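Student: Everything below, folded, please.
(one chain, ligands or ions: 1)
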Amino acid sequence: MKILLSGIQPSGILHIGNYLGAIKQWTELQKDFQLFAMIADLHAITVPQKPDELRQNILNTTMLYIAAGIDPQKSTIFIQSHVPAHAELGWILNTMTPLGDLERMTQFKDKKEKQSEVFAGLFNYPVLMAADILLYQTDVVPVGEDQQQHIELTRSLAKRFNNKFGETFKIPEGFIPPQTARIMGLDDPTKKMSKSAASANNYIALLDTPDEIRRKVKIAVTDSGKEIVYDEEEKPAIANLMRIFAAFAGGEPDDIEKQYQGKSYSDFKRDLGELLVEKLTPLQQRYQELSEDPESVMDILRKGADHANKIAQKTLHKAQQKIGFLV
Ligand code: TYM
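Tutor: This is a model prediction of the structure:
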């Protein structure tokens with residue numbers, strides 16, 4: 001069975017962009033792939049985190065994975081820092097990553113601007129991500145578009161290592177379905193929906209209440225005109241809402257266009273609000289049940305870490321041998 005790995009940083013509130021761009025894909029792909037669903041806490045600390053909030057976010061992210069349908073019986077759910085091989089292989093790869101490659105990373109450039117002080121971890125972040133992926137001999141990495149460049153780097157590091165030391169790592173592919181790869185902010189369709197947005201009106205959080213969901217959709221920015229037509233260039237705000245609608249309802253934005261011919265923005269937004277409430281309510285109920293049973297969540301994480309450690313350790317050992325460590 002092919003191997004699939006992906007992860008999310010527990011660095012804030014998960015939103016429908018994370019869901020459509022990542023988690024939803026994983027739940028579908030886990031039927032045909034062996035899925036490793038990681039909570040990327042080592043990545044989260046590349047910008048300052050408050051310890052109590054981080055701990056809570058790690059647990060919340062785990063519960064959201066499960067509530068959204070990642071099946072712990074089938075897939076491996078684990079916390080990155082529970083598998084020391086990530087940091088170890090990350091270090092090895094750091095010693096062979098050209099500085100220029102890291103300087104080119106657009107996420108680094110964006111994130112750097114938002115920090116008052118920038119630390120080395122933020123710069124080296126993509127190298128750790130390469131280690132995450134390569135340790136599991138991953139075939140496919142399902143992510144949103146913002147991670148594309150990091151996957152390119154992962155591929156180039158794997159090739160560089162294999163060329164120098166002999167076949168060690170599988171070369172992974174990204175899986176980035178275009179419709180949901182880049183969900184834009186509801187308050188600004190020129191910027192992606194983001195956990196770290198200044199305003200909570202930028203996103204629909206997976207745990208927003210029904211009233212919050214309805215309110216945020218209602219006040220979402222729209223474009224001039226009043227037709228519901230799918231036009232990325234001329235109507236980026238409505239196009240974004242249509243992609244969200246299509247992804248949750250199943251189907252294509254063109255279907256929505258037909259369905260809403262002659263109807264108003266407010267009809268469409270009302271239905272979108274109700275659709276989101278309908279789709280997110282069962283997830284929220286499962287989340288609530290899980291939060292009443294933290295021991296079962298910890299148990300899933302312990303089992304996940306055991307399995308992940310076994311596989312990761314094997315690849316790390318192979319890489320260490322290849323580079324001449326005495327193992
Ligand atoms: P993170 O935590 O920023 O985002 C998690 C996932 O959500 C996707 N995403 C979006 N997709 C569509 N529209 C959006 N507005 C949107 N915002 C976020 C991201 O593309 C991502 O798939 N570096 C990663 C975490 C990571 C990882 C890995 C991923 C660490 N190691 C190994 C894959 C493989 C990150 O910061 O994601």
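
Student: Tell me which stretches of the stretch 101-250 of the chain form helices.
Tutor: 106-113, 120-134, 148-165, 210-219, 236-249 (DSSP state H, counting those that start in this stretch).

Student: Columns distance to the ligand, mean neighbour count and mean pLDDT on top of these, output as JSON lines?
Tutor: Heads up, the C-betas are built off the backbone N, CA and C, glycines and all. Shown next, in JSON lines, are these (distance: least, C-beta to the nearest ligand atom, whole Å; neighbours: other C-beta atoms under 10 Å; pLDDT from 0 to 100):
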{"stretch": "helix 106-113", "distance to the ligand": "8", "mean neighbour count": "13", "mean pLDDT": "94"}
{"stretch": "helix 120-134", "distance to the ligand": "4", "mean neighbour count": "22", "mean pLDDT": "98"}
{"stretch": "helix 148-165", "distance to the ligand": "6", "mean neighbour count": "18", "mean pLDDT": "98"}
{"stretch": "helix 210-219", "distance to the ligand": "15", "mean neighbour count": "16", "mean pLDDT": "98"}
{"stretch": "helix 236-249", "distance to the ligand": "10", "mean neighbour count": "22", "mean pLDDT": "97"}
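
Student: Rebuild the ones you listed as CSV, extending it with distance to Leu99.
Tutor: Output for the helices of the stretch 101-250 of the chain, formatted as CSV (distance: least, C-beta to C-beta, whole Å):
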stretch, distance to Leu99
helix 106-113, 12
helix 120-134, 9
helix 148-165, 12
helix 210-219, 42
helix 236-249, 36
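
Student: Among the ones you listed, single out whichever gets nearest to Leu14.
Tutor: helix 210-219 (14.1 Å; C-beta to C-beta).

Student: Run through the neighbouring helices and strands of that closest one.
Tutor: helix 265-291 (3 or more C-beta pairs under 8 Å, 6 or more residues apart in numbering; DSSP states H and E).

Student: average model confidence for the helix or strand following the helix it packs on?
Tutor: Following helix 265-291 in sequence order, the next helix or strand is helix 294-323 (DSSP states H and E). In this model, helix 294-323 has an average pLDDT of 98.

Student: what comes up buried for helix 294-323?
Tutor: 297, 300-301, 304-305, 307-309, 311-312, 315-316, 318-320, 322 (16 or more other C-beta atoms under 10 Å).

Student: helices or strands up against it?
Tutor: By 3+ C-beta pairs under 8 Å, 6+ apart, helix 294-323 packs against helix 51-68, strand 76-79, helix 85-94, helix 148-165.

Student: So is it next to the ligand?
Tutor: No - Helix 294-323 lies out of reach of the ligand by C-beta under 6 Å from any ligand atom, never closer than 12.5 Å.

Student: Show me what from this structure comes close to the ligand.
Tutor: 5-9, 17-18, 21-22, 40, 43, 129, 132-133, 141, 143-144, 146-147, 181-183, 192-193.

Student: Which of those fall within strands?
Tutor: Judged by DSSP state E, strands contain the following of these: 5-8, 141.

Student: picking that back up, distance to Ala120 for the helices and strands packed on helix 294-323 - can I get that in JSON lines?
Tutor: As requested, the helices and strands packed on helix 294-323 are arranged in JSON lines below (distance: least, C-beta to C-beta, whole Å):
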{"stretch": "helix 51-68", "distance to Ala120": "19"}
{"stretch": "strand 76-79", "distance to Ala120": "22"}
{"stretch": "helix 85-94", "distance to Ala120": "10"}
{"stretch": "helix 148-165", "distance to Ala120": "17"}
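
Student: Select, out of these, the one closest to Leu207.
Tutor: Proximity to Leu207 (C-beta to C-beta) singles out helix 51-68 among the helices and strands packed on helix 294-323, at 7.8 Å.

Student: contact partners of that closest one?
Tutor: 8, 10-12, 14, 19, 23-24, 27, 37, 39, 41, 44-45, 49, 72, 77, 79, 206-207, 283-284, 286-287, 290-291, 294, 297, 300-301 (C-beta atoms under 8 Å, 6 or more residues apart in numbering).

Student: if we compare the helices and strands packed on helix 294-323, which one ends up closest to Gly174?
Tutor: helix 148-165 (4.1 Å).

Student: Fine, thanks again, bye for now.
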